[in-house]
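A.B. asks: Dropping the sequence and predicted coords here.
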Amino acid sequence: MNTLDEGLTSTELHHSEVWLFTDNSTSEVVFWNGHSSSPLLNSLILRLCKLEMSGLLRLHMVHIPGTRMIKQGTDSLSRGDLTEEVMTGCSILDFVPLNKSALDHQPGLVAWLTSWIPSKNPVFLTPQDWFDIGHGIQGGAPDSEGV
């Protein structure tokens, strides 16, 4: 929290996106809901929301299992051990694969979805397809401005 405050004060974090990964699912839920009945947790979340609302920062709170944090080395870092996984140069995306879709994460997902989706031929879009096919835009040609 103090690092975020300092980064905004020094302007280093202005117009940045910050990803906060936590093994505390309650913190993630409270962040997205915006409040908690716990005074301490509510105070923390309120500070994070105020930082984001300053307009200079975009925060993303993501829950990851504690076992994944241990494997990736964050757990060791909190004890001063700088010789584990990410601290030795491994990519964080090896442990928090935000670059993969749900279909990549769960190979059986397509079969499960097609077992109950009423369509005979459902189409599973890639992120590249979302803006065109996902909005019913197919075919045509770009105009002079490439749109």
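C.D. replies: Sure, I can see it.
A.B. asks: where are the low-confidence patches of this structure?
C.D. replies: Along the chain, segments meeting pLDDT under 70 span 55, 74-82.
A.B. asks: now do 90
C.D. replies: Within the chain, the segments meeting pLDDT under 90 span 1-37, 41-42, 44-107, 117-147.
A.B. asks: center of it - which residue?
C.D. replies: Residue closest to the average C-alpha location in the chain (C-alpha atoms, centre = their mean): V62, at 5.0 Å.
A.B. asks: show me what contacts it?
C.D. replies: Each residue near V62 by C-beta atoms under 8 Å, 6 or more residues apart in numbering is listed here: W19, L20, F21, T22, E28, V96, L98. In short, each C-beta sits where N, CA and C put it, glycine included.
A.B. asks: Tell me if it really is in a strand.
C.D. replies: Yes - applying DSSP: H, G, I helix; E, B strand; the rest coil, one finds V62 inside a strand.
A.B. asks: That one pairs with what?
C.D. replies: Beta-bridge pairing for V62 (DSSP bridges): F21.
A.B. asks: how far away is it from H15?
C.D. replies: Distance of V62 to H15, computed by C-beta to C-beta, to the nearest Å: 20 Å.
A.B. asks: So which residues of the protein form strands?
C.D. replies: For the chain, strands defined by DSSP state E occupy the ranges 16-22, 57-63.
A.B. asks: how distant is the first one from the center of its chain?
C.D. replies: On the basis of C-alpha atoms, centre = their mean, to the nearest Å, the separation between the geometric centre of strand 16-22 and that of its chain is 7 Å.
A.B. asks: Just the angle for that strand relative to strand 57-63, thanks.
C.D. replies: When axes from the mean of the first three to the mean of the last three C-alpha atoms, to 10 degrees is applied, the directions of strand 16-22 and strand 57-63 differ by 20 degrees.
A.B. asks: Walk me through the domains of this structure.
C.D. replies: What automatic domain parsing lists as the domains of the chain is 2-99, 100-147.
A.B. asks: need the contacts of V62 in CSV with distance to F124 and neighbour count, can you?
C.D. replies: Shown next, in CSV, are these (distance: C-beta to C-beta, whole Å; neighbours: other C-beta atoms under 10 Å):
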residue, distance to F124, neighbour count
W19, 26, 12
L20, 29, 15
F21, 27, 18
T22, 30, 16
E28, 26, 17
V96, 23, 17
L98, 19, 10
